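J.: here is my input, please return the structure:
(one chain, ligands or ions: 1)
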Amino acid sequence: MNSLFLTFEGPDGCGKSTQARLLAEKLRSQGYDVFLTREPGGTSLGEAVRELLLGKEYELTSSAEALLYAAARAQHVEEKIRPALAKGQIVICDRFVDSSLAYQGYGLGLSLQKLREINLFATSGLEPDLTILLDLDPQIGLARARAGRGQTDRIEERDGAFHKQVREGFLDLARSQPERFAVIQVEGLPPEEVEQLVWTRVEKLLGKQRGTFSCNKMGVKS
Ligand code: TMP
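T.: Take a look at the predicted model:
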């Protein structure tokens with residue numbers, strides 16, 4: 001099975017949605033079957049939950065917030081991501097469990113252990129093969145997000161200390177699983193350069209996968 005599960009992570013405004021789209025286009029141009037999706041979202045339930053989470057209509061407690069992200073994720077994994085992987089597609093997901101650990105754990109101060117438990121339940125243990133973390137000073141990212149959309153959502157409106165903890169959280173997670181994470185410092189880089197750095201990392205993974213695949217076919221490696 002040649003499926004792969006790739007995720008993009010990073011502080012708000014780091015450019016990951018653009019990079020996820022560019023990577024999907026590049027892979028498709030090379031003949032790969034790609035499913036590009038995002039969190040929160042990716043299903044009709046997930047998109048409705050996204051409105052609840054990012055809109056300003058409700059005051060959410062921290063635990064309600066964490067559970068809503070996990071609920072949207074549970075639906076997404078079962079309805080879309082696992083079936084796409086089962087078909088052999090390359091799944092590119094714009095944010096996944098690491099965002100819950102960084103935002104609700106490091107940012108809001110919820111227990112990382114509890115977050116891991118609810119997310120293990122939500123994902124039934126699905127983990128990305130590779131997570132690309134685009135690292136950027138959150139002040140720059142937030143200014144970019146504001147300039148791009150002209151408005152901010154509920155999470156973006158949190159203070160600078162929150163966003164700084166989120167960034168540190170992502171870097172901490174990357175340090176704890178260096179084999180899964182590729183960290184790219186994007187400050188001052190144009191999107192084309194970031195795209196190239198992302199591609200170098202993904203190409204390496206595809207090469208490894210091809211190696212395993214041909215070895216399997218020859219019966220050398222199980
Ligand atoms: P996006 O704008 O990058 O699509 O992400 C939506 C916002 O939701 C962003 O501020 C990060 C936040 N978020 C969490 O706080 N926890 C999560 O688990 C996810 C997936 C996103």
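
J.: next one: the spatially most central residue of the chain, what pLDDT does it get?
T.: By C-alpha atoms, centre = their mean, the chain has its centre lying nearest to residue 95, at 2.3 Å. In the prediction, the pLDDT value recorded for residue 95 is 98.

J.: okay, now the residue lying closest to it once chain neighbours are set aside: neighbour count?
T.: Distances taken as C-beta to C-beta, 6 or more residues apart in numbering place residue 39 nearest to residue 95, at 4.5 Å, with adjacent residues excluded. C-beta coordinates here come from the backbone N, C-alpha and C atoms, glycine included. By other C-beta atoms under 10 Å, 22 other residues sit near residue 39.

J.: what mean pLDDT does the longest helix anywhere in the chain have?
T.: Longest helix in the chain, counting residues (DSSP state H): helix 191-218. Mean per-residue pLDDT for helix 191-218: 81.

J.: now the helices for this protein?
T.: Counting by DSSP H, the helices of the chain are 16-29, 44-54, 62-76, 82-86, 97-99, 112-123, 138-149, 160-176, 191-218.

J.: run through who's touching the fifth one.
T.: Put plainly, it is helix 97-99. With contact meaning C-beta atoms under 8 Å, 6 or more residues apart in numbering, helix 97-99 is reached by 7, 9, 39, 69, 73, 119, 123, 127, 131, 133, 170, 173.

J.: buried residues of that helix, list them for me.
T.: Across helix 97-99, burial judged by 16 or more other C-beta atoms under 10 Å covers 97, 98, 99.
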